[in-house]
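> Structure here, sequence nowhere to be found:
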């Protein structure tokens, strides 16, 4: 293929800013659905309650993380690691199957940019109107529109911040507290401010610059690409040589390809690239240029798909290989990890016991030639129900608790208490004998145990 | 800190700070140009070249700013040997401020129990849980987390008291501490070791031991009356005003076997319960109720 001549497209009054032209079509509709759904979930999930408990609540002061009706504790954090690994494999898996669809259809950066652009379009008008406003709008036209736009942006940013903090500080308390100036922690206010400003800057000013300069995914996605990766592609074989023409011009006679060089594909691109230059790391695979070009093709009476989702091999006329070994590999890895996580989640302890032997003093002597050791127990009930707990101790013959331990422990409660174990001295084999404490929840299978040493006199 | 070390430390710190300034200054003075000219140093690997460009200005000024900051900091806060700083900040004072804040924050938790009599408080589950945490932090090191005591540390869960087990006596013990002193050989320094052995047999006989040498115990009885009864009493039942333990209930602070009793007599004992000055009055009240409960006294008197 010969080199394609590259022509600079009008970038607008400010070369640092991309004036994105809005477009309609299948992919834009798809994006609208996925992005609004995900954003809707973000804004709504913190408000949902089940049985009076929030669906999602990360309770930092209590170190409890309520998620979909279950509660996670700091000791469950390794499951989060697993989840992140699964997410990474999921990303690889989806990328080998469908290409880089994460960026264009689901990424929060895209979602918030999408909503901010929507506001911009509503307030300042279309791409041409915005460029005109910035070039030669009078102050009376310019000022009210800018003020309104930034106010709306800040408003969305503010609500994004409130929602974010609402996952850590129950939002049904946060919102009333916020408007009555009675938020109990300064950190809540700080983070609302931080995320308000960060959202405003990210989605209002940084936009595609985050994807181009900050996001690591853009940089490492190339290692996941192969000639069989489906991605937004300009069919240069069909399009070149490009050039303007009248609708009734005979392409073959004029020696032209299908590309009429209208530059609409560049105008609609949220990262401001020209897809006709080939695959670029800046491309988010959002498909807006596909929509735009299809409209032009329809108008010209040409076949759709001059720009389309295709693999490199497809464009070169070879059959598409749907199956790739690496897809299978990622899939298997993901399935294995998901299985591991499911098992770990099911085996999570709902009852915990920790035992610490007293550090001061070795042992006490009790009546009838017995030896006593004192321990501190820490019992945790990790369910949402009040439970009746009892503790047993097992060791050499005659091992028993000085006073039986039975108590009621409330939902998600933890209690420390002392325990004294007594063992007849003749049963002790050495200076240190292991004993096992077991905690049992009445009326359930839940139990847990912990071992501790029992120290006695030198035999 | 002696003035030599004070000067030594001050000099080291100032040399380091000035050294940093000198390094930044000398590098800047020796750079061939102030502008970014992308001169190559000559290293090239895979098309990546090492360039010799000047440090960006903002970075240079950040270094200078940090050096100025450190000098300002050293002027305001203690950092140079014995010099205390212009602000007069000290760790002790910072700690006291934090303790004051903690007292203000947690004071009300304990104040709510202040007006409830201790025997009644001993039945309040929530109060006892708070008290148990206080006990773990302040008392368990010596008395054990369950209050069972240990060698030299009294068991708090029986009803044998050295200094008295009434709420007032417990509070007095917590507030002022206790200093017990059992002199070697009682109050008669002239007792021989054989005589001490006789007293040991006598003390063992008071506790219904089966292996007592009766003749020795007989000999020990008058010796006990002479050397020990001033504190422990004629009947050896002890005296809580002096912290003299009851010697007839087979409860022992240091051990009740023959050898240990002999050792106690030969060398004496010095028990020390420190005053719990870190506890507020309200906390002591709660703590007294907890110790009262530990000893089981609340069971008889709880019905009131």
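Nice, thanks for sending it over. Only a predicted model underlies this, so the values are computations on that prediction, with no experimental measurement involved.

> When you work out contacts or count neighbours from here on, use the C-alpha atoms and nothing else.
OK.

> Going by secondary structure, residue A:437 is in what exactly?
Per DSSP states H and E: residue A:437 is located in strand A:432-441.

> Output the contacting helices and strands for that strand.
strand A:351-357, strand A:387-394, strand A:447-455 (3 or more Cα pairs under 8 Å, 6 or more residues apart in numbering or on different chains; DSSP states H and E).

> Go through these and name the closest to residue A:106.
strand A:351-357 (38.3 Å; Cα to Cα).

> Packing partners of the helix or strand following the closest one?
Using DSSP H and E, the helix or strand that directly follows strand A:351-357 along the chain is strand A:364-366. When contacts are defined as 3+ Cα pairs under 8 Å, 6+ apart, strand A:364-366 packs onto strand A:370-381.

> Next, residue A:86: phi, psi?
In terms of degrees, to the nearest 10, the main-chain angles of residue A:86 are phi -60, psi -40.

> which residue sits closest to it, ignoring its sequence neighbours?
residue A:334 (5.7 Å; Cα to Cα, 6 or more residues apart in numbering or on different chains).

> did I read that right, the one you found in a helix?
Yes. Residue A:334: assigned to a helix according to DSSP: H, G, I helix; E, B strand; the rest coil.

> any idea which helix is longest in the chain?
Defaulting to chain A. helix A:139-166 (DSSP state H).

> hmm, I had chain B in mind actually
Longest helix in chain B, counting by DSSP H: helix B:3-30.

> Distance from that helix to the middle of the chain?
Distance of helix B:3-30 from its chain centroid, counting by Cα atoms, centre = their mean, to the nearest Å, is 41 Å.

> Could you identify the helix or strand that succeeds it?
As assigned by DSSP H and E, the chain's next helix or strand after helix B:3-30 is strand B:40-45.

> and the helix or strand containing residue A:340, what's its mean pLDDT?
According to DSSP H and E, residue A:340 maps onto helix A:325-346. Mean pLDDT, helix A:325-346: 91.

> Just the buried residues of that helix, please?
A:327, A:330, A:331, A:333, A:334, A:337, A:338, A:341 (16 or more other Cα atoms under 10 Å in any protein chain shown).

> List the contacts of residue 297.
By default, I'm working from chain A. Residue A:297 is in contact with A:303, A:304, A:306, counting by Cα atoms under 8 Å, 6 or more residues apart in numbering or on different chains.

> hmm, I had chain B in mind actually
residue B:159.

> what pLDDT does it get?
Looking at residue B:297, the pLDDT reads 83.

> how near is residue B:3 to chain A?
Separation of residue B:3 from chain A (Cα to the nearest Cα, to the nearest Å) stands at 41 Å.

> which residue sits closest to that residue in space, ignoring its chain neighbours?
Nearest residue to residue B:3, sequence neighbours excluded (Cα to Cα, 6+ apart): residue B:82, at 7.8 Å.

> what kind of secondary structure is that neighbour in?
coil.

> Ok, residue B:55 next?
Look at residue B:55: counting by three-state DSSP, its state is coil.

> how many other residues sit next to the residue nearest to it when sequence neighbours are not counted?
Distances taken as Cα to Cα, 6+ apart place residue B:28 nearest to residue B:55, at 8.0 Å, with adjacent residues excluded. For residue B:28, the neighbour count with other Cα atoms under 10 Å in any protein chain shown is 15.

> Would you mind measuring from residue B:28 to residue B:60?
Relative to residue B:60, residue B:28 is positioned 9 Å away (Cα to Cα, to the nearest Å).

> Show me where the stretch 51-200 of chain B has its strands.
B:178-179 (DSSP state E, counting those that start in this stretch).

> low-confidence ranges in it?
Applying pLDDT under 70 to the stretch 51-200 of chain B picks out no residues at all.

> near chain A, which residues of it?
B:132, B:140, B:141, B:142, B:144, B:145, B:146, B:148, B:149, B:150, B:151 (Cα under 8 Å from any Cα of the partner chain).

> of those, buried ones?
B:132, B:140, B:141, B:142, B:144, B:145, B:146, B:148, B:149, B:150, B:151.
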